[in-house]
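> Sequence and computational prediction follow.
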Amino acid sequence: MFFAVLGPLEVRVDEQVIPLGGLKQRTLLAVLLRHANHSVSPHVLIEALWGGRPPRTAGDNLRLYVYQLRRALGTERIRRHREGYELVIGPGELDVECFEELSHTAPATGDDLKTAEILREALALWRGPAYAGMDTVPLLGDEAARLEERRLAVLESRIGADLDAGLGAGLTGELLGLVAEHPLRERLRGQLMLALNRAGRQAEALAVYQDARRTLAAELGMDPGPELRRVHQMILSGSPGRGHGPAQLPPDIPDFAGRDEHVATLVGRLRQTGRVTGVSVIAGMGGIGKTTLAVHAGHRLAATFTDGQLYANLQASADPAQVLAGFLSALGLPGAAVPQSLEERAALYRSRMAQRRMLVVLDNVASEGQVRPLLPGAAGCAVLVTSRSRLSGLEGARLIDLGVLAPAAAMELLAGVAGRPRVDTEREAAAEIVRLCDHMPLAVRVAGARLAARPHWRLQWFAAQLRDERRRLDQLSTGDLAVRASLALSYDGLPERARQAFRRLGLIEAADFAAWTVAALLDGAVPEAEELVEELVDAQLLTMTGIDQTGTPRYRLHDLVRLYARERAELEETQPDREAVVARMIGAWLALAERAMEDVPGPCYAVLHGGFPRWGPLRAEPPRDPLAWFDAEREALTAAVGHACALGLDEAAWDLAGCLERYFDVRGLFDEWRRTNERVMDVCRGAGNLRGEAVMLRGLLDCTTWMDTSQAGGAMVSLHDQARRLVEMFQRIGERRGLSDAYAMCAWGLAAQGTVDEARRTASHALSLAEETGHLGGQARAHLAMAVALGEERLDAAIPPLLRCLEMARELGNPRFEATALQFLGMVHVEFDAAHDYLSRSLAICRQLHDPLPEAMALNELAKLYLRHADPRTAALAVEAEELSRRYHLAHHLADVLWVGGCLALADDRADLAVTRLEESVRLWRTRSWPSFLSRALRSLGDAYTAAGRPAEAAQAWREADALGGARLAGVAGPSRGRPAAAAEAGVPG
């Protein structure tokens, strides 16, 4: 499938255009394409479709348009997220992305003819103005204007490449038309002047300049810019002139790989003339490939700087005066004529460079002070600097912060050094090697060199050697190349306190972290930690990865740097000190997580904590946005849980994992929740930590019951059996609040299996325990369990405990549980208006919380309400509910919404589709062990079989349904074919 917006909107499959709907549907698709692979909020979409005057039904209409687009493009193309809708496109499926990729790739070819060819291919994607006919939509109009400017810039680059390739006369006709169309674009004017001059039409070229002067003065009140003036002077002088100056650059790297974007950026920047001493700084840690990039870009620029290139390695010649002496000699000054003082040498150097076009490459610069005397003052010169520091004090410098290679580029580098046939033969092992090298160019080059020197080595064997973290740095050394030695240069240059911070960062397992982490590692203050982090960033030993959800900068150690840091810690700190550092760090995460979880509106079972020591200085205030804090610290916290498990710190592990449960639930991270609790539960069981084991089991039951389809005997049977085990565990440790939670879970399992009287008694016991212990959340859960038990026999009997549950949820300040209570109230009310009010309020809360499990349930219940009243909104809501249920593996919710889909298909006389959906629903209900739901689905499946002409299968389905019976909470009459179906309403736990 190919989406085209560079012209009238089109969607094509195998060159066949897919018919789209009216303007609203096309506008919706255009806006989603504008933000392809990113979620777009309904508010933005409604604004785009209706401007500032949306109709009252805008939300419903939007869902209908989305539904229609899904039918046209395929349901997998448009995803529903908590924050909006996302159109999913793959590589090469959108013409804008193809255009941008081609235009960015072209300059890196190093061949002007090839560059021009690629840019022509990019421009050929344009079939007219971008988003043609839709530019009245502000969002699309702004993007269309941006794209038109990009098209013109790429067109100018293509003409520039043609000129650089030696073309000229053949471009005059095209350029005359373009200048007439865009009289204020000076680059086009300059290109026309060059083309005319090369065609022997010097007078006309000079006339173009005079016309530019008049036009710019009249329209903008400005004179021509420096580039246009330079072209004018060049034509007046008769030739651009190409001299023979120094060429000091080291040889280019024959196996250069990756960095195409950086090369294009540098070449583009440094080809700009008319600027006073353009300076670009390539900064990065040791081994990242700064020098390689600078030298490669310098060779690409050799033809631009016609008077030559100067090069100096300031690591070897740190004295700027000594470097200047070498530069002056290269510029033709006899040794005896070189002045003695730095200031005089710098002044003479600037004078010698004044009329030249030269590139100066300064490698391995340590400070701004080394660079300043070496800057030429000439407008036609450029300076390229490499440094482990960002040199932020260097005035006017533009920075490229160099990171590790992309995986594909690292593979290319390995193939270039070790030999492509070997890499192609063992691609999986090669990919593992570059991953274990952390995609660092020096490490990959060393690995490749070792393989090249040992042709008998299998790549798989070498990868196995690199897996051993303790020996990896030893393996990455050959000849005068070594990763450890490169990192040691940066480490040795740090003050002792910064070295201590660096090596202790190597002791933790977090993928990234905030600066306060260093305070815990050092048992110090946060302001000092922030200063030390900046020192490590400046030394290129630490990388800033971005700003997290709380507005806090995040940092990380690259894998090989982390190994080096840990190596230094093991050499320089005792084992007891290292263990104390790790324990203090885990205690710091625990202290913050404990405070943050208090304000996360997740499950309201009893909050239980252990006795692992917290690190005190961070416990003062809870985060302003606890969910955002958990979003930011999620990977660090789960890594800390794993680290605690590995170290046998069971008390820390279960407490920290328990602090994560509400967050995991609200964010729909059910698989991560399950894996975390299972691992910690095993550790607690091995350590005899019954409290930790019980807390982990409680969370595990809450996590898996509504998703897992693998429990022996079915989900609700498993819930009851495991909850009985949980009762015994909490009884043994005397934890009565936890006991209330366990009894409430038992009541759910009993009610689902139809053991209603025992379920009521168990829920009542849970309520008594919760009231005795002041466990308000437990009381709310007990009332909900009671309502489920009562609703299995008579719907209206569930209303009083649900109203009490709603009251307590609000008293708790827990909007998540409030949404659940509202959902069940919507389920048990038969009247449309009351049910719709409860369910709509619940859905609004769920969407505000971005909470997928109750949102899927609210969408499902609304869809069933609409289904019962033949409301046309049913289909769109069912699609959303199914999408959420499948994405988050919510087996219970999916079984329910598939029943809705089957009933819809049956009502539309699509019997085969109804059978497919209802058979899947029945398969899922068989794993749930909730007979009333299974009975309802079987009755509807019997109806579908009848409609499909399969009477024997229909009779079998009805017989099984009759044997199971039914229950009030699971069904009011729904759409029927041939005999009544026992389906329409179903309760889904939340």
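Structure's in. What do you need? Residues are numbered from 1 along each chain as shown.

> got the contact list for stretch 666-678?
Contacting residues not belonging to stretch 666-678 are listed as 600-602, 627, 630-631, 634, 638, 641, 657, 660-661, 663-665, 696-697, 699-700, 703-704, 707, 816, 849-853, 888-889 [Cβ atoms under 8 Å, 6 or more residues apart in numbering]. Where C-beta positions appear, they are placed from N, C-alpha and C, glycine not excepted.

> of those, buried ones?
When those are checked for burial by 16 or more other Cβ atoms under 10 Å, the buried set is 600-602, 627, 630, 634, 638, 641, 657, 660-661, 663-665, 696-697, 699-700, 703-704, 707, 816, 849, 851-853, 888.

> Which helix or strand contains the residue lying closest to Glu572 once chain neighbours are set aside?
Of all residues not flanking Glu572 in the chain, Arg503 sits nearest, at 6.3 Å (Cβ to Cβ, 6 or more residues apart in numbering). Per DSSP states H and E: Arg503 is located in helix 496-505.

> same question, Arg595
helix 575-597.

> Pull out the buried residues from that helix.
For helix 575-597, a neighbour-count test (16+ other Cβ under 10 Å) marks 578, 581-597 as buried.

> Just list what it packs against, helices and strands only.
helix 516-522, helix 626-646, helix 650-667 (3 or more Cβ pairs under 8 Å, 6 or more residues apart in numbering; DSSP states H and E).

> tell me the most buried of those helices?
Per residue and on average, the most neighbours among these fall to helix 650-667, with a mean of 26 (mean count of other Cβ atoms under 10 Å).

> Just the angle for it relative to helix 575-597, thanks.
30 degrees (axes from the mean of the first three to the mean of the last three Cα atoms, to 10 degrees).

> any idea of the mean pLDDT in helix 650-667?
If you average the pLDDT over helix 650-667, you get 96.

> got the CA positions of the helix or strand harbouring Thr676 in PDB?
Taking DSSP H and E as the definition, Thr676 sits inside helix 670-687. Taking C-alpha atoms only, helix 670-687 is exported to PDB below (Å, rounded to 0.1, in the frame of the first residue of the first chain):
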ATOM      1  CA  PHE A 670       0.300  -6.800  32.300                       C
ATOM      2  CA  ASP A 671       3.000  -9.000  30.900                       C
ATOM      3  CA  GLU A 672       5.700  -7.000  32.700                       C
ATOM      4  CA  TRP A 673       3.700  -7.100  35.900                       C
ATOM      5  CA  ARG A 674       3.300 -10.900  35.600                       C
ATOM      6  CA  ARG A 675       7.000 -11.500  34.900                       C
ATOM      7  CA  THR A 676       8.100  -9.200  37.700                       C
ATOM      8  CA  ASN A 677       5.900 -10.800  40.300                       C
ATOM      9  CA  GLU A 678       6.700 -14.400  39.300                       C
ATOM     10  CA  ARG A 679      10.400 -13.800  39.600                       C
ATOM     11  CA  VAL A 680      10.200 -12.000  43.000                       C
ATOM     12  CA  MET A 681       7.700 -14.700  44.300                       C
ATOM     13  CA  ASP A 682      10.300 -17.400  43.500                       C
ATOM     14  CA  VAL A 683      13.000 -15.500  45.300                       C
ATOM     15  CA  CYS A 684      10.700 -14.900  48.400                       C
ATOM     16  CA  ARG A 685       9.700 -18.600  48.400                       C
ATOM     17  CA  GLY A 686      13.300 -19.600  48.400                       C
ATOM     18  CA  ALA A 687      14.100 -17.200  51.200                       C
END
